[in-house]
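Student: Fold the following.
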Amino acid sequence: MHDDLSKQYLKAMGVTVWEPRVLDSADTSADGVPLQPPAQPPVPSPAQPPITETATAAESPVKPSLPVAVSSATQDYLSALGNTPVSLTQTGQGDLLLVLEPPLLSAEDTSLLTAMLKAINYDISQQSLACMDLTATETLSAVLPMIKPKLVIIMAVHNGNAALLDNHRAGVHRAEWSTVPLAITIHPKELIADAANKRPAWEDLKQVKAHLDA
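Tutor: Model (predicted):
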């Protein structure tokens, strides 16, 4: 770029524009032969402006996540879920089976979960809910054919190991014992305790919505 408009653009972007030197008498050798002007460094391309996170969920739809390769710890967790005793607390005709690790939902937890599901157009009263319960007589794999959901959401507590839970949350999973996919997200209790957990939990729910809409 050497035309005036290009130079103005580069200067406006804060890029140094190298102008060719005009030779004068000081730029000639002793015998009067003009000296070769110094080589001009290449003009750097204007930097792209940083991408800012301003788009809403509607403006930048989430693509359905595919089953991803999971760590051995996550695979062990998924495998153990099938034999986990659960108690059904609500049976609905909706697409989701929400399975919560202890503790039980408080009124505040329920209110938050209701609002988050509503944000992806799901009515919590139409979904099925179950709680992991060591005293229960049925396992999650046995309950699943009775409910016939389209997707299971496990709501887990990190118990001081947030990094491990983040690994478990990576995408929509498949387990050998389940005929439907599973997603793992953060227990509403953790969202109430630390508001910083709300954003990743919201991202999980958007992935669930995108997967079911695909």
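Student: What is the longest helix anywhere in the chain packed up against?
Tutor: As assigned by DSSP state H, the longest helix anywhere in the chain is helix 198-213. Helix 198-213 sits against helix 107-119, strand 151-156, strand 172-173, strand 182-186, with contacts defined as 3 or more Cβ pairs under 8 Å, 6 or more residues apart in numbering; DSSP states H and E. Heads up, the C-betas are built off the backbone N, CA and C, glycines and all.
Student: out of these, nearest to Leu97?
Tutor: strand 151-156 (4.8 Å; Cβ to Cβ).
Student: Name the surrounding residues that touch the closest one.
Tutor: Residues from elsewhere that reach strand 151-156, judged by Cβ atoms under 8 Å, 6 or more residues apart in numbering: 81, 95-101, 140, 144, 165, 168, 172, 178, 180-188, 208, 211-212.
Student: Show me what it pairs with in its sheet, parallel or antiparallel.
Tutor: strand 96-100 (parallel), strand 182-186 (parallel) (DSSP bridges).
Student: and these as CSV, adding distance to Asp204?
Tutor: Shown next, in CSV, are the strands paired with strand 151-156 (distance: least, Cβ to Cβ, whole Å):
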stretch, distance to Asp204
strand 96-100, 12
strand 182-186, 4
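Student: can you list the weak-confidence ranges in the protein?
Tutor: 1-70, 159-164, 170 (pLDDT under 70).
Student: Spell out which residues make up each domain of it.
Tutor: Domains of the chain are assigned by automatic domain parsing as 1-46, 72-213.
Student: Could you dump those domains into CSV and include mean neighbour count?
Tutor: Shown next, in CSV, are the domains of the chain (neighbours: other Cβ atoms under 10 Å):
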stretch, mean neighbour count
domain 1-46, 10
domain 72-213, 17
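Student: by how many degrees do whichever strand or helix holds Asp76 and strand 182-186 diverge?
Tutor: Using DSSP states H and E, Asp76 maps to helix 72-81. If you take axes from the mean of the first three to the mean of the last three Cα atoms, to 10 degrees, helix 72-81 sits at 110 degrees to strand 182-186.
Student: who's in contact with the very next helix or strand once past helix 72-81?
Tutor: Next in sequence after helix 72-81, counting helices and strands by DSSP H and E, comes strand 85-90. Residues from elsewhere that reach strand 85-90 (Cβ under 8 Å, 6+ apart): 99, 127-140, 143, 147.
Student: now the angle from strand 85-90 to strand 96-100?
Tutor: 130 degrees.
Student: Which neighbours in the sheet does strand 85-90 have, and how are they oriented?
Tutor: In the sheet, strand 85-90 lines up with strand 128-132 (antiparallel), strand 138-139 (antiparallel) (DSSP bridges).
Student: Spit out the contact partners of Asp95.
Tutor: Contacts of Asp95 (Cβ under 8 Å, 6+ apart): Tyr122, Gln127, Pro149, Lys150, Leu151, Leu212.
Student: I'd like the distance between it and Arg199.
Tutor: 24 Å (Cβ to Cβ, to the nearest Å).
Student: Also Leu98?
Tutor: Distance from Leu98 to Arg199, by Cβ to Cβ: 20 Å.
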